[in-house]
Structure formats: structure tokens, C-alpha cells
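Undergrad: Here is a sequence with its predicted model. Questions after.
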Amino acid sequence: MFITGLGTATPPHRYSQQDCWEGLKTSEKYRQLNQRAGWLLEQFVRSKSITLRANAQTQELVGDEQVCGVLLKDGSTFPADLVIISTGVRPNSYLARSAGLEVNSGVVVDNLLRTSHPDVFAAGDVAEHRGVVYGIWGPSQFQGSIAGMNAAGEKAEFAGVARSNMLKVLGYDLFSIGQIILDDASFEAIEAEIDGKYYDFVFHDNYLVGAILLGDTTQSAGVKNVIEKHIDCSKVLQKHPGVPEILDFLEQL
């Protein structure tokens, strides 16, 4: 939750400095961004007088009637008047486990949002579909509709959606969607920094499967449309395009 946590860390005018730390490993820290985008965002955040401390593990909040500091496991303590905790979603699967349902990271469901019991459906933050617990509103709402239709006797399938994030972090527009890490040589990334803005488009088998937009999110809707509708991008890729050509392609759709 590195990115969403930063969204709450904008220092009010009465504060001269703010510390922000979290305990995720570097590979997890940038799961919504690639390494380059993560570095650019980090530099931007540091320019706002925010100190980032990666891999820090909180031991306890210090204070009696109100917080006055944070003690880390390495023994260091940081003074604090306000502590904001951004941890994301972790499904509470106790009831499902007690009922004998199959549970992994969440309650395991099939494409009908049906659990391991044929008469029980799950949707939203508690459901794990194809190994994914979405934890965000859009997919959860869509799952709820699908599960409701199937519970009522209809047959509708949830095929999964590309996870996306649209945020304004300290006034910096950010959009991330789909797969941004190249698993192997069959993936192709087209990226560039243009006028202080960063663009990264990831393709696989002639289809756009992921993207990162930093500083300029005007094409976020176009990117989302191309990914979700599985639009063939072979014609533009045959021209060995750069980022400007990809942006033109998106604008023409």
C-alpha cells in the first residue's frame, strides 16, 4: 500500500517535515509500479520534504493518552503527533474456514463466484478468483452483481479484470493498470520520459496488458479500454513505435 499510503502523507502547512515509512520489501513496494516509475515517484515525494524509510518494521506506538512517537524494531524512535496506517485489505476468512469452505488468501471461487460449496457464493474483498483478491471497489461491485445473478438461478461468468489504480499522490497524477512486470522475453515494454512525465506500456502477443502513466493520465480511459476489450495492437506494433506513436494510437480509438 506504498502508493495509497503516500496519498495521505501530504504535509499540512503547519508541518515542516513528515516521515513516511513502511515495512514491505522493495519488490512488493513497487508492485503497482515498475522500478523506474517507483524511483521517479520517490524522488518527487522526497522533494516535498517527506522522508521515506523502506523496510522499516514498527514495534509499537509510543505514548500514554496520545501518541508521541513510533518505536521501530531496530530500536530507533521517531517523534510523531499523528500516525496514519495504510495496510490494504486482508480478508477475514474465519467463518468460511469454520464452515469448511476452501480458503487460500481469500475464499476460493470459480468463474461463477461459487465457492467449494455449490450453494454458497462469495464476492468482494473476501473472494479469491484465479489467485487474485482484488480489494478495490470496482471489481468487488462487479463480482457482487455476477454472484447475485448466479445465486438467483441465472448463469453469468466473471472473467477477471485488470487491476488498476488512479490516484493523485501529493498533487502528482498517477495511473497504473494490469501487468507491469515483464515475466519473460515474450513481453515488450515501450517507455519514455517526456517533458517530466513518464509513460510505460507493456505488450504481450500484440495486446496491451499493462501500463503506467505518471504526471499525465489523460489517456487512462483509452488504456483501460484497450486492455479490457482486448483490442489487437499488431498494426501499430509492426511500425516499432515509441511512446508518442502509442499515445496517438490511443487518441484515435
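TA: Perfect, I can see it now.
Undergrad: right, and the helix or strand after the helix or strand of the chain with the lowest mean pLDDT?
TA: For the chain, the helix or strand with the lowest mean confidence is helix 26-29, at a mean of 40 (criterion: mean pLDDT, DSSP states H and E). Next helix or strand after helix 26-29 toward the C-terminus (DSSP states H and E): helix 35-46.
Undergrad: Show me what counts as buried in that following helix.
TA: Using 16 or more other C-beta atoms under 10 Å as the test for burial, helix 35-46 gives Arg36, Ala37, Gly38, Leu40, Leu41, Glu42, Phe44, Val45. Bear in mind the C-beta positions are built from the backbone N, C-alpha and C, glycine included.
Undergrad: separation between the fifth one and Ser47?
TA: With the distance defined as C-beta to C-beta, to the nearest Å, Leu41 ends up 11 Å from Ser47.
Undergrad: The residue lying closest to Ala192 once chain neighbours are set aside: what's it in contact with?
TA: Nearest residue to Ala192, sequence neighbours excluded (C-beta to C-beta, 6 or more residues apart in numbering): Val243, at 3.9 Å. Under the criterion of C-beta atoms under 8 Å, 6 or more residues apart in numbering, the contact list for Val243 reads Ile190, Glu191, Ala192, Ile194, Tyr199, Phe201.
Undergrad: any weak-confidence spans in the stretch 51-200 of the chain?
TA: Along the stretch 51-200 of the chain, no part satisfies pLDDT under 70.
Undergrad: Could you check stretch 176-184 and say which residues are buried?
TA: Here stretch 176-184 shows Ser176, Ile177, Gly178, Gln179, Ile180 as buried, counting by 16+ other C-beta under 10 Å.
Undergrad: which ones are touching the first one?
TA: Ser176 makes contact with Ile3, Gln32, Leu33, Ala37, Ser164, Asn165, Ala211, Ile212, Leu213, according to C-beta under 8 Å, 6+ apart.
Undergrad: Any idea what it is bridged to?
TA: On the basis of DSSP bridges, Ser176 is bridged to Asn165, Ile212.
Undergrad: Adjust the sequence numbering to begin at 6 for everything that follows.
TA: Renumbered: residue one is now 6, and that last one reads Ser181.
Undergrad: rewinding a little: give me the subset of the contacts of Val248 that lies in strands.
TA: Among the contacts of Val248, the members found in strands (DSSP state E) are Ile195, Glu196, Ala197, Ile199, Tyr204, Phe206.
Undergrad: Nearest the middle, which residue of this structure would you pick?
TA: Nearest to the mean C-alpha position of the chain, by C-alpha atoms, centre = their mean, lies Gln37 at 4.6 Å.
Undergrad: Can you give me the separation between the closest residue to it other than its chain neighbours and Leu218?
TA: Nearest non-adjacent residue to Gln37, counting by C-beta to C-beta, 6+ apart: Ser181, 4.7 Å away. According to C-beta to C-beta, Ser181 and Leu218 sit 8 Å apart.
Undergrad: now swap in Asn155 and tell me
TA: 35 Å.
Undergrad: For these two, indicate the residue with more neighbours.
TA: Shown here are Asn155 and Leu218; by other C-beta atoms under 10 Å, Leu218 has more neighbours (23 against 20).
Undergrad: Just the CA atoms of stretch 214-221, as CSV, please.
TA: Taking C-alpha atoms only, stretch 214-221 is exported to CSV below (Å, rounded to 0.1, in the frame of the first residue of the first chain):
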residue,chain,number,x,y,z
VAL,A,214,-1.6,-5.9,-20.9
GLY,A,215,-0.4,-3.2,-18.6
ALA,A,216,0.6,0.5,-18.4
ILE,A,217,1.9,3.2,-16.1
LEU,A,218,1.2,6.9,-16.5
LEU,A,219,2.9,9.4,-14.2
GLY,A,220,2.2,13.1,-14.4
ASP,A,221,-0.2,12.8,-17.3
